[in-house]
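Participant: Here's a sequence, model it:
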Amino acid sequence: MNSLNKNDIAPDFKLKDAKGNEHELKQFRGKRVVLYFYPKDDTPGCTKEACSFRDDYSSYTANGIAVIGISADSPESHRRFAEKHELPFLLLSDPEKGVMTAYGAWGEKKLYGKTVTGVIRKTFLIDETGRILKIFPKVRVEGHSEAILKEFGIEI
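Facilitator: Numbering: from 1, shown residues only. Modelled structure (predicted):
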């Protein structure tokens with residue numbers, strides 16, 4: 001598992017969105033980015049997390065911050081998830097898990113007392129130059145979006 005730290009340059013990537021369009025992290029240079037990794041579209045915790053970003057989305061955009069979610073789900077799954085919950089931000093598909101691996105968001109984790117291999121819910125805050133400002137290595141869904149906004153100095 002790769003280990004990224006604060007002040008490292010965030011690894012670039014090229015992944016497809018819900019419409020099949022490719023996006024690269026470098027296209028967001030000049031903006032701050034919330035890059036969050038989540039296990040599965042339309043599951044309870046992932047839905048709650050995505051909907052909290054949706055509900056706070058105007059605070060992000062008003063402050064020049066892009067929100068990007070990444071999971072191994074297909075672009076079609078992302079499309080259905082985004083439509084169902086009216087998610088206004090990018091959801092990117094990483095079926096090969098290469099980006100998740102590069103960010104340390106794929107690997108062994110404890111789930112219901114068992115060790116399993118899967119997506120590790122993790123969030124990275126990235127500055128305008130592509131450097132990592134902060135890593136949330138073990139995300140608790142409840143209050144996560146608010147904690148991120150506070151980290152950026154934004155009160156909602």
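Participant: Run through who's touching stretch 122-134.
Facilitator: 4-10, 12, 25-26, 28-37, 103-105, 135-139, 144, 148, 151-152 (Cβ atoms under 8 Å, 6 or more residues apart in numbering). From N, CA and C alone the C-beta is placed, and that goes for glycine too.
Participant: Which of those residues are buried, as a PyMOL select command?
Facilitator: In PyMOL syntax, the buried subset of those is picked out as below (16 or more other Cβ atoms under 10 Å):
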select buried, resi 4+10+25+28+32+33+34+35+36+37+103+104+105+135+136+139+144+148+152
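Participant: the helices in this structure, which residues?
Facilitator: 44-55, 57-62, 75-85, 98-102, 144-151 (DSSP state H).
Participant: which strands and helices sit next to the fourth one?
Facilitator: Under the contact definition 3 or more Cβ pairs under 8 Å, 6 or more residues apart in numbering; DSSP states H and E, helix 98-102 sits against no other helix or strand.
Participant: ok, now the last one?
Facilitator: Using 3+ Cβ pairs under 8 Å, 6+ apart as the contact criterion, the neighbours of helix 144-151 among helices and strands are helix 44-55, strand 122-126, strand 132-136.
Participant: Name all residues that make contact with Glu49.
Facilitator: So Glu49 contacts Tyr36, Tyr38, Arg121, Val139, Val141, His144, Ser145 (Cβ under 8 Å, 6+ apart).
Participant: Can you list the strands that the helix or strand of the chain with the lowest mean pLDDT pairs with?
Facilitator: Using mean pLDDT, DSSP states H and E, the weakest-scoring helix or strand in the chain turns out to be strand 106-111, at a mean of 89. Using DSSP bridges, strand 106-111 pairs in its sheet with strand 114-119 (antiparallel).
Participant: just the angle between the strand it pairs with and helix 44-55, please?
Facilitator: 40 degrees (axes from the mean of the first three to the mean of the last three Cα atoms, to 10 degrees).
Participant: What are the buried residues along strand 114-119?
Facilitator: Gly118, Val119.
Participant: neighbours of Tyr112, just the number please.
Facilitator: 5 (other Cβ atoms under 10 Å).
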